[in-house]
Every structure is written in C-alpha cells, then in structure tokens.
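1. Sequence and computational prediction follow.
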Amino acid sequence: MAEVSERTLQVAVVVSFAAGFLAGWQANRMRRKFLDWKKKRLQDKLCGLSYIITGLLFVNLWILDVLHVCLNLKMTSLCSAPPICSCHTC
C-alpha cells in the first residue's frame, strides 16, 4: 500500500469537510424552498376552501332568512347567540 503524506491527508480531510458542508447547506436551502412552497400551496387551498365555506354559510343563512320571512316562523335560540335573522323578532 502506498504511503500517504501528512499534508495530503490534511488536504483530503479539509476537502471532504468542505464538500460535506456545501452539500448540507444546499440540501437545507432546497428543504426550506420546498417547505415554503408547501406552506403557500396549503394556504392557497385553505383560502379556496374558506371561500367555499363562507359562500355555503351565506346561502344557508339566506335560506333561513327567506324561510323565516315567507313562513313567518318563530326562530328560537337554544343558546345565548344573537338571532341569525334580520327582523329582530326572534
């Protein structure tokens, strides 16, 4: 087996450390970019779902209000929440 000088060994250790450091740094950058992309994608999905839910809630409240007015129903609240209709007679 060939002899390896002390200087060659030191250079090999430094080069190996530098390569590992740079690879880890790049991997961390890629990981952070992926996590940022994933966060933005999930926030966009949540925003779209929130928009849909808000629309459905608005439609349901509108239907309840129409039923209340058209059928002259008395809506009673089982909890201390304010009435959901706009006529203030509940």
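-> Now that the structure is in, tell me what you want to look at.
2. where does residue 3 land in three-state SS?
-> Residue 3 carries the three-state label coil when classified by DSSP: H, G, I helix; E, B strand; the rest coil.
3. One more: the one 4 residues further on?
-> Classification of residue 7 by three-state DSSP places it in helix.
4. Tell me how many other residues surround it.
-> Neighbour count for residue 7, taken as other CB atoms under 10 Å: 8. Backbone N, C-alpha and C define where each C-beta goes, glycine included.
5. any idea how far it is from residue 17?
-> Using CB to CB, to the nearest Å, one obtains 16 Å as the distance from residue 7 to residue 17.
6. what's the answer for residue 31, then?
-> Using CB to CB, residue 31 is found at 21 Å from residue 17.
7. now do residue 51
-> Noted for residue 51: a distance of 51 Å to residue 17, by CB to CB.
8. ok, now residue 2?
-> The gap separating residue 2 from residue 17 is 23 Å, by CB to CB.
9. of the two, who's got more company?
-> Set residue 2 next to residue 17 and count neighbours by other CB under 10 Å: residue 17 wins out with 10 against 3.
10. State the pLDDT value of residue 48.
-> Listed pLDDT for residue 48 reads 82.
11. Can you show me the strands along the protein?
-> Taking DSSP state E as the criterion, the chain carries no strands.
12. Sketch out the low-pLDDT regions of it for me.
-> Applying pLDDT under 70 to the chain picks out residues 1, 67-90.
13. where do the helices sit along it?
-> Ranges of helices within the chain are 6-71, based on DSSP state H.
14. number of nearby residues for residue 63?
-> Per other CB under 10 Å, the neighbour tally for residue 63 reads 10.
15. Residue 9 versus that one, what's the distance?
-> 80 Å.
16. again with residue 60
-> Relative to residue 9, and taking CB to CB, residue 60 is found at 75 Å.
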